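**Student:** next one to model:
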Amino acid sequence: MDLFHNPFYILNATTHDDRRRITELADDRSLLLEADMCLAARNDLITPRKRLAAEVAWLPGAGPKRAEEVLALIANMPDIEILPPTARANVLSAVLAHSPQQESEDIAEMIIELAQAFEDIDPQKLTALINEDRIVSGFPKITDISVVESEIKERRWHYRKVIKSTVGNLDLREYVKAVTIVVDSATESGQGDCPILVADLVDSYEVNVQKHLDAKGEIILSLADRLKASVGAGSPDSVLGPLMINLAYVVKSWNSIAQPIQVCAKSRGIDHDASLRVAGVIRKLAIDIVNKNGVIDYPQQLTNLLKETFAEVELIAERTEEDAKTLEKMAKQGGVSLEERRNKITFETKVGWFIFKMRLSISPDGIEWNGRLRALDSITRISWGGTCMRYPGLIGTKEIVEYFISYGNDNYKDTIKLTNKSTFIDFTDRLWMAVGVRLLQEHLEGLRMGNTYRFGSVILHDTGIEFVRGSLLVMEESVFCRWAELKIFNEPGYFCIVKTRGENVGAFLSYGEDNIHILEIAIRTFLKQGGIRLSSLLD
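**Tutor:** Just a heads-up that it's a prediction; the model follows:
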């Protein structure tokens, strides 16, 4: 109940009135109000156990005269600083409940004061104030403090209901603004403890705004996918710039709604899970762009966005600070901008003889060969190598190295044959930057998720290599070796992996097979670094 539904208010009674006076007031008020209501109010005040609820919901410690003054001035928000905490909280909740047309800043200020007043309520002191009035009015003193504590809990739910109803009358923008002001002020921006009524407000707020967070979260995922694909396709800044601006706008909009929840969580010593997920999407986008495309500028923008937006979430702030330092270091060590990357992977030449020459090119638009253009993102398999061919001539045998480059997926496979070593090197260098880095990243991510990959006669696991042996007449058997048990080396045309001790186990993998270069680079880098899991290269 609030002040204007309290039996003391209905009967115009004071906490000093005895049973006889309360009965007289009920009879008098029944001439103006409904008789049943006045009778119920009288019964509540003359029955000691029922009376306690009315006393706690009234103005305990204010005194009859002061209570009358407060009620007369309540519409104009009287000075209540001198009132005891419970009385102060009851006045504030009454003002909130009966003055709904207030600005969000004013509502926030009163909620903060109400939350603090509730924090200041001491059951023992409140019991003493009520007993002082009961001595005067002739009612028995309260000896069991637990009944007072129970009524304080009831007041908490009443205050919570009033606060929820008041902010519920605001539109979304003002609602977010009011709750943000309350949480920031009440918790000192997450540095102090969160008052229990503020925590209650944030709990209901989180439920109410969840649909808005979900909707904006879907847009963030969509924009992140589009930006990733556009960077991979080498789209110009005229395309990427607006995507980046839109993504930043939606992330900031999402965060503005989530901020009160983040700050409240921070004050409790925890992180907001939904914020971690959204920040994780942006962080993964930045990492993917760096690892798969070698680009630094857009990941730096994304990292700065995280630093600016999620400062209240400590785990995100820590990771983002580390990412920013890493990107800065990479930039100094040769990280490239998107424009520089376009230039680095672009290559074009003619292959063939005289009028039969065909255009061979690689660029962000894809690989063009034999009149067909293949998008870089469509390529899941690459291989290259060379074979020394001997041709008899008039003055002896002539040796010519024939080079091959293959790329494709489950639906197509294109093969380029070259004799010009310079062209072979120039093209494969760019093929690695444009496609190889991405495939390496995808394989490592897959291993971390528990996937395995078949390369010829071996199966790649995160923790080692499984050698598969068998033939048409012999059933396949496998031997698993951890990384510490293996060594690698090269033979002409082959990448070799063997077990260092014990049984004779190993594999010679032809560079003509798909993605053997991916496998070799991953293993060579890992064995130099050391560790247990190959996917640790992602770290």
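**Student:** so for the helix ranked longest in the chain, what's the average pLDDT?
**Tutor:** When the chain is parsed with DSSP state H, its longest helix is helix 196-232. Here helix 196-232 scores 91 as its mean pLDDT.
**Student:** now swap in stretch 269-278 and tell me
**Tutor:** The pLDDT scores in stretch 269-278 average 85.
**Student:** CA atoms of that stretch as CSV?
**Tutor:** Provided in CSV are the C-alpha atoms of stretch 269-278 (Å, rounded to 0.1, in the frame of the first residue of the first chain):
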residue,chain,number,x,y,z
GLY,A,269,31.8,-8.1,-9.9
ILE,A,270,30.6,-9.9,-13.0
ASP,A,271,30.5,-9.3,-16.7
HIS,A,272,27.3,-9.0,-18.9
ASP,A,273,27.1,-12.1,-21.0
ALA,A,274,25.2,-10.6,-23.9
SER,A,275,27.8,-7.8,-24.1
LEU,A,276,30.6,-10.4,-24.2
ARG,A,277,28.8,-12.1,-27.1
VAL,A,278,28.3,-8.9,-29.1
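**Student:** tell me the gap between that stretch and the middle of its chain.
**Tutor:** Centroid displacement of stretch 269-278 relative to its chain, using CA atoms, centre = their mean, to the nearest Å, is 5 Å.
**Student:** same thing with stretch 500-518?
**Tutor:** Relative to the centre of its chain, stretch 500-518 is centred 41 Å away, using CA atoms, centre = their mean.
**Student:** ditto for stretch 262-270
**Tutor:** When distances are taken as CA atoms, centre = their mean, stretch 262-270 is centred 14 Å away from the chain's centroid.
**Student:** returning to that earlier point: name the next helix or strand following the longest helix of the chain along the chain.
**Tutor:** Using DSSP states H and E, the next helix or strand after helix 196-232 towards the C-terminus is helix 237-267.
**Student:** run through the neighbouring helices and strands of that following helix.
**Tutor:** On a contact count with 3 or more CB pairs under 8 Å, 6 or more residues apart in numbering; DSSP states H and E, helix 237-267 meets helix 172-187, helix 196-232, helix 273-293, helix 297-309, helix 338-345. Placement of C-beta: from N, CA and C, glycine included.
**Student:** can you list the domain ranges for this protein.
**Tutor:** As assigned by automatic domain parsing, the chain contains the domains 3-169, 196-339, 346-436, 452-538.
**Student:** so which residues of the protein form strands?
**Tutor:** With strands called from DSSP state E, the chain shows them at 347-351, 358-363, 366-369, 372-374, 381-393, 396-408, 413-418, 453-455, 458-460, 464-469, 477-482, 486-491, 494-499, 506-510.
**Student:** among the ones you listed, which is nearest residue 532?
**Tutor:** Of all the strands of the chain, strand 477-482 sits nearest to residue 532, with 7.9 Å by CB to CB.
**Student:** and residue 456, what's its pLDDT?
**Tutor:** 89.
**Student:** could you check how far it is from residue 380?
**Tutor:** Per CB to CB, to the nearest Å, residue 456 is found 16 Å from residue 380.
**Student:** before we move on, what about residue 23?
**Tutor:** Relative to residue 380, residue 23 is positioned 90 Å away (CB to CB).
**Student:** swap in residue 494?
**Tutor:** Residue 494 sits 23 Å away from residue 380 when distances are taken as CB to CB.
**Student:** repeat that for residue 163.
**Tutor:** 56 Å.
**Student:** end-to-end on stretch 90-108?
**Tutor:** End-to-end distance of stretch 90-108: 16 Å, with CA to CA, to the nearest Å as the criterion.
**Student:** neighbouring contacts of that stretch?
**Tutor:** 2-4, 57-59, 70, 74-75, 77-78, 80, 83, 110-111, 113-114, 117, 155, 158-159, 162-163, 165-167, 169-170, 174-175, 177-179, 181-182, 185 (CB atoms under 8 Å, 6 or more residues apart in numbering).
**Student:** just the pLDDT for the residue lying closest to residue 490 once chain neighbours are set aside.
**Tutor:** Residue nearest to residue 490 in three dimensions, not counting chain neighbours: residue 496, with 6.5 Å by CB to CB, 6 or more residues apart in numbering. With respect to pLDDT, residue 496 scores 94.
**Student:** again, but for residue 332
**Tutor:** pLDDT, residue 332: 55.
**Student:** quick check: residue 491 touching residue 508?
**Tutor:** Yes: here residue 491 reaches residue 508: they are 6.5 Å apart, a contact under CB atoms under 8 Å.
**Student:** give me the more crowded residue out of those two.
**Tutor:** Counted by other CB atoms under 10 Å, residue 491 and residue 508 do not tie: residue 508 has more neighbours, with 14 against 9.
**Student:** chain neighbours aside, what residue packs nearest to that one?
**Tutor:** Nearest to residue 508 is residue 494, by CB to CB, 6+ apart, at 4.5 Å.
**Student:** burial count for the one you found?
**Tutor:** When neighbours are counted by other CB under 10 Å, residue 494 registers 16.
**Student:** show me the contacts for it.
**Tutor:** Applying CB under 8 Å, 6+ apart, we find residue 494 in contact with 508, 509, 510, 511.
**Student:** show me what it bridges to in the sheet.
**Tutor:** Taking DSSP bridges as the rule, residue 494 bridges to residue 491, residue 510.
**Student:** number of nearby residues for residue 148?
**Tutor:** 21.
**Student:** which ones are touching it?
**Tutor:** So, once contact is read as CB under 8 Å, 6+ apart, residue 148 ends up touching 52, 56, 123, 126, 127, 130, 142.
**Student:** likewise for residue 435?
**Tutor:** 376, 379, 382, 407.
**Student:** residue 122 now?
**Tutor:** By CB under 8 Å, 6+ apart, residue 122 lies in contact with residue 85.
**Student:** which of the contacts of residue 494 tops the neighbour count?
**Tutor:** Within the contacts of residue 494, neighbour counts (other CB under 10 Å) peak at residue 509, which reaches 19 neighbours.
**Student:** pretty sure that one sits against residue 457.
**Tutor:** Yes: using CB under 8 Å, residue 509 makes contact with residue 457 at a distance of 7.5 Å.
**Student:** could I get the strands of the chain in TSV, plus columns for distance to residue 10?
**Tutor:** Below are the strands of the chain laid out as TSV (distance: least, CB to CB, whole Å):
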stretch	distance to residue 10
strand 347-351	89
strand 358-363	83
strand 366-369	81
strand 372-374	83
strand 381-393	83
strand 396-408	85
strand 413-418	88
strand 453-455	78
strand 458-460	80
strand 464-469	80
strand 477-482	81
strand 486-491	87
strand 494-499	89
strand 506-510	90
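**Student:** quick one: which of those strands is nearest residue 424?
**Tutor:** Closest to residue 424 of the strands of the chain, according to CB to CB: strand 396-408, at 4.1 Å.
**Student:** quick one: mean pLDDT over that closest one.
**Tutor:** For strand 396-408, the mean pLDDT works out to 81.
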